[in-house]
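K.L.:
Provided below for reference: sequence and predicted model.
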Amino acid sequence: MNLWLLNALIIESLALLGMVGAVKTRRTVLAFALGFNSMLPVTLNYLLHFPPFTTRDLLSLFMVILYLLHMNWLLLFQQRHTAISKLDAHLPAAQKYLLPFLLTNTAGWGYCLPFYFAARRGGPLNALDWSALVLYLLGTVLHFGSDYQKYRFKIRPNSRGKLLTSGFWRFSRHPNYFGDFLIYLSFALLGGHLGGWLAPVLNLLQYLGDAIPKNEQWAAERYGEAWQRYKNQTPMFFPFFKK
């Protein structure tokens, strides 16, 4: 089957399944889970379409699988510590039904595009690949580490109603999002093609245009003056870059 036709079948089938889940449960978690997990079959499709299987292909798989292990842990087991519960409460029903198509198509087509170009690259691993791996590991430490710090903070009995401002959260109000952005930058580097930069651009636009404004509004409503002080002292996204 044609490469792009098979990808379309994978992506839109998962999107449809996510919409059915949203209709049945009135929740968004399945939309997020299916959206992100579309990355594995799409990436495999790219890698298998351009034989032979290379070390770079193995690196691509490592990046995707490790990333999805974290995302599945977060979405399926720690969702009450994420913004998903707030989305379930505030997002209109019609948007919940459209969300699976938006998420799955963004992840399947946009986020995975660097792996299409990576699969087409020939030759052994070079400085670009090693740079991508270093950036990926740094982003993973920030992404996973920030989420884990938040999880540990939230389960402490004396943390109820308090704001996390230590650890990675001391340097950015959204260090988990910043770490995620670095991961998508590493995907673009691995792709070694200008088209692969669509992934980090889409990721950054999603954070700056949607996720961060929503989270900042909810935090201001919940934490009041404590949030304002934190906001005045801590960069929004890029660490060390204040207003």
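P.N.:
Perfect, thanks for sending it.

K.L.:
quick one, longest helix in the protein?
P.N.:
The longest helix of the chain (DSSP state H) is helix 127-154.

K.L.:
tell me the average confidence for that helix?
P.N.:
Averaged over helix 127-154, pLDDT sits at 96.

K.L.:
Tell me how far it lies from the chain's centre.
P.N.:
The chain centroid and the centroid of helix 127-154 are separated by 12 Å, computed with Cα atoms, centre = their mean, to the nearest Å.

K.L.:
same check, this time on stretch 160-173
P.N.:
Relative to its parent chain, stretch 160-173 has a centroid offset of 20 Å by Cα atoms, centre = their mean.

K.L.:
the bottom helix or strand of the protein by mean pLDDT?
P.N.:
helix 84-90 (a mean of 76; mean pLDDT, DSSP states H and E).

K.L.:
What are the buried residues along that one?
P.N.:
By neighbour count with 16 or more other Cβ atoms under 10 Å, helix 84-90 contains the buried residues 84, 87-88. All C-beta atoms are positioned from the backbone trio N, CA, C, and that covers glycine.

K.L.:
Could you identify the helix or strand that succeeds it?
P.N.:
Later in the chain than helix 84-90, the nearest helix or strand by DSSP states H and E is helix 93-105.

K.L.:
Poorly predicted segments of the protein, please.
P.N.:
Residue ranges of the chain with pLDDT under 70: 81, 242-243.

K.L.:
Return the distance of Ser131 relative to Ala188.
P.N.:
Separation of Ser131 from Ala188 (Cβ to Cβ, to the nearest Å) stands at 11 Å.

K.L.:
do the same with Val42
P.N.:
16 Å.

K.L.:
Gly209 now?
P.N.:
Per Cβ to Cβ, Gly209 is found 19 Å from Ala188.

K.L.:
So for the two, which sits in the more crowded spot?
P.N.:
Using other Cβ atoms under 10 Å, the more surrounded residue of Gly209 and Ala188 is Ala188, with 24 against 9.

K.L.:
check contacts around that one.
P.N.:
114, 196-197, 199-200 (Cβ atoms under 8 Å, 6 or more residues apart in numbering).

K.L.:
Most neighbours among these, which one?
P.N.:
Within those, most neighbours by other Cβ under 10 Å means Pro114, with 30 neighbours.

K.L.:
Let me know the angle separating the helix or strand that contains it from helix 127-154.
P.N.:
Assigning secondary structure by DSSP H and E places Pro114 in helix 113-120. Interaxial angle of helix 113-120 relative to helix 127-154 (axes from the mean of the first three to the mean of the last three Cα atoms, to 10 degrees): 140 degrees.

K.L.:
List the buried residues for helix 113-120?
P.N.:
Neighbour-count burial for helix 113-120 flags 113-119 (criterion: 16+ other Cβ under 10 Å).

K.L.:
okay if I get those as TSV plus distance to Leu30?
P.N.:
Shown next, in TSV, are the buried residues of helix 113-120 (distance: Cβ to Cβ, whole Å):
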residue	distance to Leu30
Leu113	24
Pro114	26
Phe115	24
Tyr116	26
Phe117	30
Ala118	29
Ala119	29
